[in-house]
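> sequence and computational prediction follow.
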Amino acid sequence: MQFTNIIRDVGQDARDTGRIYLPQSELRQFGVLESEILDARPSPRFTKMMEFQYRRARDYYQAAQKALPPEDRKNMVASEIMGAIYSRILEKLKREKFPVFTKRCRLSKLHKVWILGSYLIKARFGR
């Protein structure tokens with residue numbers, strides 16, 4: 001979930017604090033200059049780097065799902081709900097081509113309620 005936050009907040013962090021929470025080595029790997037981020041100037045290189053970040057975050061969500069034993073799922077409902085919300089935010093960022101300099105990607109309240117309800121029903125009645 002933290003990687004999703006880092007991806008989602010790249011623009012806001014740069015604008016509000018002048019900070020970039022992406023690894024310097026990865027900025028260099030993709031040829032992205034700090035000034036591009038601080039000046040909110042996305043480039044194709046920036047998008048490729050963000051796609052790399054997306055894949056890493058997505059892989060972590062998948063690994064977490066596989067690592068959680070079925071018998072523990074009922075006790076981890078809150079964590080699963082948060083994971084579902086953040087993974088959908090991650091997918092929205094990808095789908096919208098990482099608009100991190102122009103908006104903060106969110107889910108609607110209705111979408112969050114739907115996720116909450118579906119996980120509570122699964123926890124109550126089994127999977």
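That came through, no problem.
> need the helices for the chain, in chain order.
Taking DSSP state H, the helices of the chain run over residues 2-8, 10-17, 24-30, 34-38, 44-67, 77-95, 109-125.
> and K103, which of those helices is closest to it?
Minimum separation from K103 across the helices of the chain (Cβ to Cβ) falls at helix 10-17, 8.4 Å. C-beta coordinates here come from the backbone N, C-alpha and C atoms, glycine included.
> now what about the closest one, what contacts it?
With Cβ atoms under 8 Å, 6 or more residues apart in numbering as the contact definition, helix 10-17 has outside contacts at 19-22, 37-38, 40, 50, 100-102, 104.
> in CSV: these, plus pLDDT and neighbour count.
Below are these laid out as CSV (pLDDT from 0 to 100; neighbours: other Cβ atoms under 10 Å):
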residue, pLDDT, neighbour count
R19, 97, 12
I20, 97, 16
Y21, 96, 14
L22, 96, 20
I37, 97, 24
L38, 97, 15
A40, 97, 13
M50, 98, 21
V100, 97, 23
F101, 97, 17
T102, 96, 9
R104, 93, 11
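> nearest to L90, of the residues you listed?
M50 (10.8 Å).
> report the contact partners of the closest one.
7, 10, 93, 98, 100.
> tell me the residue furthest from the middle of this protein?
With distances taken as Cα atoms, centre = their mean, the residue sitting farthest from the centre of the chain turns out to be F125, at 28.9 Å.
> now that we have the contacts of M50, which one has the most neighbours?
Neighbour count (other Cβ atoms under 10 Å) singles out V10 as the most crowded of these, with 25 neighbours.
> quick one: that one from F101, how far?
Using Cβ to Cβ, to the nearest Å, V10 is found at 8 Å from F101.
> low-confidence ranges in this structure?
The chain contains residues with pLDDT under 70 at 126-127.
> how about 80 then?
Along the chain, segments meeting pLDDT under 80 span 70, 72-74, 123-124, 126-127.
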